[in-house]
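*Asks:* output the structure for:
(chains A, B and C)
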Amino acid sequence: MRAPIIVWFRQDLRLSDNPALAAAAASGDPILPLYILDDGGRAMGGASRWWLHGSLTALDASLKAYGGALVLRRGDTANILSQVIAETGARSVYWNRCYEPHAIARDAAIKSGLTRRGIAFQSFNASLLFEPWTIQNKAGGPYKVFTQFWKSCLSAAAPEPPQRAPDVRLFAKATGDTLAAWRLLPEKPDWAGGLRENWTPGERGARALLDHFLDEKLKAYREARDMPALEGTSRLSPHLHFGDIGPRQIWQAARTHAEPSANLDRFLAEIGWREFSYHLLFHFAHITQRNLRAEFDRFPWEKNDSALAAWQRGRTGYPIVDAGMRELWHTGWMHNRVRMIVASFLVKDLLIDWRAGEAWFWDTLADADLANNAASWQWVAGSGADAAPYFRIFNPVLQGEKFDPQGDYVRRYVPELAGLPAAYVHKPWTAPAQILRDAGVTLGKTYPLPIVDHAKARDRALAAFATIRKAG
DNA sequence: TGAAATGTTGGGGCG
DNA sequence: ACGCCCCAACATTTC
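*Replies:* Modelled structure (predicted):
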């Protein structure tokens, strides 16, 4: 028996468009598919763990169809790899690249360890259309402005077409954990009902969602993408995070499915924002912790635990904000337009540090992704690259009325307001007493009064912004 | 990938 | 008929 190749799965939990797996399969050597759960890094949130369970289940099932099985190990990544190499006599390890700072450092250490022991390794790109070091501005540096970045990407060499799932014929075996033993699913209480109703983790679920989006949604994408009551977006973000699907597959499917159009360009540009986040994180690794724009280090954030808690639980008294936060809590996901609204509210109306919002999203989003999360929060806060200027402050009432005109989104996630007519559903405190009574709403009791006055909060935010602008 | 404040314009009411 | 005022409606500027 020939020595096996370990295919180390990470954020590429799929068989198609998986260059590491394809290369291993092409070698003709037996393949040992391995996934390592390493609790050493930033702890995964509950919704992410739920999703990971589903993706690993699906990947294992796909491998079993070929007569293989996914080997699960838990512990320090480098130690696990050493053990598996020793146990199986593997002579090489293939994987697809990750781009988070800790992953880069970890993988560098692993590579030197493998080199020392004479174990071959190869890494591939499965997760990005344009790897961060391949795109640079005229000065040879990283981009800090999205439109320029994306223009540069679009004029660069086109992404490789995705590869089909290889016909894997030969597997190596090794012992491993059962997935159940990892206890990734919530037990007492089982809060994952909303996730199960909304999502099908894994490669097939991702492909079905993509096809549905291209068939039904793309033609109206530009308008519908901002309406949270509609399913106008692809909802692929958690699948992309775990690698149930890769951006090359989305890119190719979208471009072969649809004629060139503003809708298509806009959709691909959203994939571009993901690329931009990875570009930023790679070149400015500190953005997960620190402001990209240093003048924000002086920003007078306020510590306000009760306001933070009200925001987290969807009890701010602003219906569109509360609907978004409850959608997140219930489904592990939030519509993009609403993410911007709730983030603006936290940072600008409550003056709470974006890092508190980033941490909450990290804990609760199924698509929690270091690059996207940090870059997007800094974008909203104004401290990031190509950021919204700080004075661009969303009015939660106007945003609600503009993007959820009938109030359907609010009614879905804030059922205690469901009886209010559209004219008041985004500002219940302005409703006449009789209308509130008819709707069964008692403000301050069945639904909170606004925890801040937006007009005052806006003035306060502008004043806070002025303090860092003058000084710097 | 805003909103509010301020400025401008033009139609209609009215003396 | 004319000038004046009011104020939507729209545009521009500012935060």
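
*Asks:* send me stretch A:220-234 as PDB with only the CA atoms.
*Replies:* C-alpha atoms of stretch A:220-234 as PDB (Å, rounded to 0.1, in the frame of the first residue of the first chain):
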ATOM      1  CA  ALA A 220     -34.300  41.800  -9.300                       C
ATOM      2  CA  TYR A 221     -31.300  41.800  -7.100                       C
ATOM      3  CA  ARG A 222     -30.400  45.500  -7.200                       C
ATOM      4  CA  GLU A 223     -33.700  46.600  -5.800                       C
ATOM      5  CA  ALA A 224     -34.700  43.600  -3.700                       C
ATOM      6  CA  ARG A 225     -31.300  43.200  -2.000                       C
ATOM      7  CA  ASP A 226     -32.200  46.000   0.300                       C
ATOM      8  CA  MET A 227     -35.600  44.900   1.400                       C
ATOM      9  CA  PRO A 228     -35.300  42.600   4.400                       C
ATOM     10  CA  ALA A 229     -38.800  41.300   4.200                       C
ATOM     11  CA  LEU A 230     -38.000  39.800   0.800                       C
ATOM     12  CA  GLU A 231     -35.500  37.000   0.200                       C
ATOM     13  CA  GLY A 232     -33.700  39.200  -2.200                       C
ATOM     14  CA  THR A 233     -30.200  38.200  -1.300                       C
ATOM     15  CA  SER A 234     -28.400  35.000  -2.000                       C
END
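
*Asks:* which helix or which strand is home to residue A:47?
*Replies:* Using DSSP states H and E, residue A:47 falls within helix A:46-65.

*Asks:* okay, strands next: where are they in chain A?
*Replies:* Here chain A has its strands, by DSSP state E, at A:5-9, A:31-37, A:71-74, A:92-96, A:120-124.

*Asks:* could you redo the ones you listed as CSV and give each row mean neighbour count, mean pLDDT and distance to DNA strand B?
*Replies:* The C-beta positions use only the backbone N, C-alpha and C, and glycine is treated the same way. As requested, the strands of chain A are exported to CSV (neighbours: other CB atoms under 10 Å; pLDDT from 0 to 100; distance: least, CB to the nearest atom of the strand, whole Å):
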stretch, mean neighbour count, mean pLDDT, distance to DNA strand B
strand A:5-9, 26, 98, 30
strand A:31-37, 23, 98, 32
strand A:71-74, 20, 98, 36
strand A:92-96, 23, 98, 26
strand A:120-124, 15, 98, 28
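
*Asks:* grab the nearest non-local neighbour of residue A:14.
*Replies:* Spatial nearest neighbour of residue A:14, excluding adjacent residues (CB to CB, 6 or more residues apart in numbering): residue A:203 at 4.3 Å.

*Asks:* same thing with residue A:268?
*Replies:* Closest to residue A:268 by CB to CB, 6+ apart is residue A:254, at 6.4 Å.

*Asks:* and residue A:159, what does it touch?
*Replies:* For residue A:159, the contact set (CB atoms under 8 Å, 6 or more residues apart in numbering) comprises A:129-130, A:247-248, A:251.

*Asks:* so what's the closest residue to it other than its chain neighbours up against?
*Replies:* Closest residue to residue A:159 apart from its sequence neighbours, by CB to CB, 6+ apart: residue A:129 at 4.4 Å. When contacts are counted by CB under 8 Å, 6+ apart, residue A:129 touches A:153, A:159, A:247-248, A:251, A:271, A:275.

*Asks:* kindly recompute the last result at 6 Å.
*Replies:* By CB atoms under 6 Å, 6 or more residues apart in numbering, the contact list for residue A:129 reads A:159, A:247, A:275.

*Asks:* ok, residue A:46 next?
*Replies:* Neighbour list for residue A:46: empty [criterion: CB under 6 Å, 6+ apart].

*Asks:* mind running it again at 7 Å?
*Replies:* residue A:186 (CB atoms under 7 Å, 6 or more residues apart in numbering).

*Asks:* distance check, it against residue A:167.
*Replies:* 37 Å (CB to CB, to the nearest Å).

*Asks:* do the same with residue A:425
*Replies:* Applying CB to CB to residue A:425 and residue A:167 gives a distance of 55 Å.

*Asks:* which one of those two is surrounded by more residues?
*Replies:* Neighbour count, other CB atoms under 10 Å: between residue A:425 and residue A:167, residue A:425 has more, with 27 against 7.

*Asks:* thinking again about what came up before, dump the strands of chain A into a markdown table; add distance to residue A:396 as well.
*Replies:* As requested, those are exported to a markdown table (distance: least, CB to CB, whole Å):
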| stretch | distance to residue A:396 |
| --- | --- |
| strand A:5-9 | 41 |
| strand A:31-37 | 39 |
| strand A:71-74 | 43 |
| strand A:92-96 | 41 |
| strand A:120-124 | 44 |
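
*Asks:* got the contact list for the lengthiest helix in chain A?
*Replies:* Of all the segments assigned as helix in chain A under DSSP state H, the longest by residue count is helix A:262-283. With CB under 7 Å, 6+ apart as the contact definition, helix A:262-283 has outside contacts at A:99-100, A:128-130, A:132, A:135, A:142-143, A:146, A:149-150, A:153, A:218-219, A:221-222, A:240, A:247, A:250-251, A:254, A:258, A:287, A:370-372, A:374-375, A:385.

*Asks:* same question for stretch A:24-37.
*Replies:* A:1-9, A:56, A:63, A:68, A:70-74, A:77, A:80, A:84, A:88, A:90, A:94, A:166-168, A:170-172, A:174, A:182.

*Asks:* what residues does the stretch 201-350 of chain A have near DNA strand B?
*Replies:* Counting by CB under 7 Å from any atom of the strand, the stretch 201-350 of chain A comes close to DNA strand B at A:270, A:273, A:336-337, A:340.

*Asks:* contacting residues for the residue nearest to residue A:268?
*Replies:* Residue A:254 makes contact with A:214, A:264, A:267-268, according to CB under 7 Å, 6+ apart.

*Asks:* repeat that for residue A:148.
*Replies:* Going by CB under 7 Å, 6+ apart, the list of residues near residue A:148 reads residue A:137.

*Asks:* okay, the closest residue in space to residue A:357 that isn't next to it in sequence: pLDDT?
*Replies:* Leaving aside its chain neighbours, residue A:357 sits nearest to residue A:346 (4.7 Å; criterion: CB to CB, 6+ apart). Note for residue A:346: predicted pLDDT of 98.

*Asks:* from what I see, residue A:346 and residue A:311 are in contact.
*Replies:* Yes: between residue A:346 and residue A:311 a contact is recorded at 5.4 Å, counting by CB atoms under 7 Å.

*Asks:* about what we covered before: DNA strand C versus the residue nearest to residue A:268, what's the distance?
*Replies:* Distance, residue A:254 to DNA strand C, by CB to the nearest atom of the strand, to the nearest Å: 34 Å.

*Asks:* ok, now how distant is that residue from residue A:39?
*Replies:* Distance of residue A:254 to residue A:39, computed by CB to CB: 37 Å.

*Asks:* quick check: closest non-adjacent residue to residue A:21.
*Replies:* If the residues on either side of it in the chain are set aside, residue A:21 comes closest to residue A:7, at 5.2 Å by CB to CB, 6+ apart.
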